[in-house]
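A.B. asks: give me the fold of what follows.
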Amino acid sequence: MSLKNSYVTSDYIEWDTMLSLVRKLYRDKEYRLSLLIGCGSFFGLRISDLLTLTWSMLLDGHSFVIIEKKTGKRREIKINSNFQKHIADCCMALNVIDKNEKCFISRKKTVYSVQRINVLFKSIKIRYGLRVEHFSTHSMRKTFGRKVVEASGANSEFALIKLSEMFNHSDTMTTRRYLGLRLEELMETYDLLAF
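C.D. replies: Here you go, the predicted model:
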């Protein structure tokens with residue numbers, strides 16, 4: 001919860017930084033957090049939807065269907081085949097027996113709360129020296145969106161249209177603002193001036 005009249009937003013992390021973080025967390029035996037950050041960044045789902053994922057959903061096929069909690073809309077997610085190997089590695093490292101078990105449960109066998117994950121993310125930011133101002137659960141979704149736009153190159157407008165639909169935004173301008181692209185474009189205006 002933010003203070004009244006304060007401006008708090010989450011920031012994305014660079015794709016390579018995210019991949020490195022996922023690998024470091026795995027190396028340090030933080031399998032669930034490694035998987036959570038990977039899933040959030042590869043699927044672009046909100047944290048409320050990530051917390052509903054089961055091992056069966058992630059391992060039994062090349063895609064899965066989810067009904068988004070916030071919008072009630074059906075969304076099909078395709079699982080990157082290279083990332084699916086990481087999912088299987090995490091599952092094996094955690095000695096998961098019941099594939100219907102939720103992926104993101106605590107030692108108490110309850111699904112993590114969003115608040116607890118944000119606390120964990122703050123410690124991850126410090127422990128791994130992440131160069132991001134506001135790192136929270138929403139950072140993963142923004143990381144996904146930024147990577148899609150960056151990877152599209154000359155087709156970035158088309159990527160924004162696809163993301164706008166995936167994120168359920170009313171238009172691409174909302175998606176630009178959401179990803180921080182609008183502010184970056186406006187700030188680049190100052191670089192056009194010569195002295």
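A.B. asks: helices of this structure, residue ranges please.
C.D. replies: Secondary structure of the chain, counting by DSSP state H: helices at 15-27, 31-43, 47-50, 55-59, 81-93, 114-127, 137-152, 156-166, 172-179, 181-191.
A.B. asks: between those helices, which one is closest to residue 104.
C.D. replies: helix 31-43 (5.6 Å; CB to CB). For glycine as for every other residue, the C-beta is placed from the backbone atoms N, C-alpha and C.
A.B. asks: and that closest one, what other elements does it pack with?
C.D. replies: helix 15-27, helix 47-50, helix 81-93, helix 114-127, helix 137-152 (3 or more CB pairs under 8 Å, 6 or more residues apart in numbering; DSSP states H and E).
A.B. asks: now the helices of the chain as CSV including mean neighbour count?
C.D. replies: Below are those laid out as CSV (neighbours: other CB atoms under 10 Å):
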stretch, mean neighbour count
helix 15-27, 16
helix 31-43, 23
helix 47-50, 19
helix 55-59, 19
helix 81-93, 15
helix 114-127, 15
helix 137-152, 20
helix 156-166, 16
helix 172-179, 18
helix 181-191, 10
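A.B. asks: who touches the residue nearest to the spatial centre of the chain in this structure?
C.D. replies: Centroid-nearest residue in the chain: residue 140, 2.2 Å away (criterion: CA atoms, centre = their mean). Residues in contact with residue 140 (CB atoms under 8 Å, 6 or more residues apart in numbering) are 18, 36, 37, 39, 40, 41, 47, 50.
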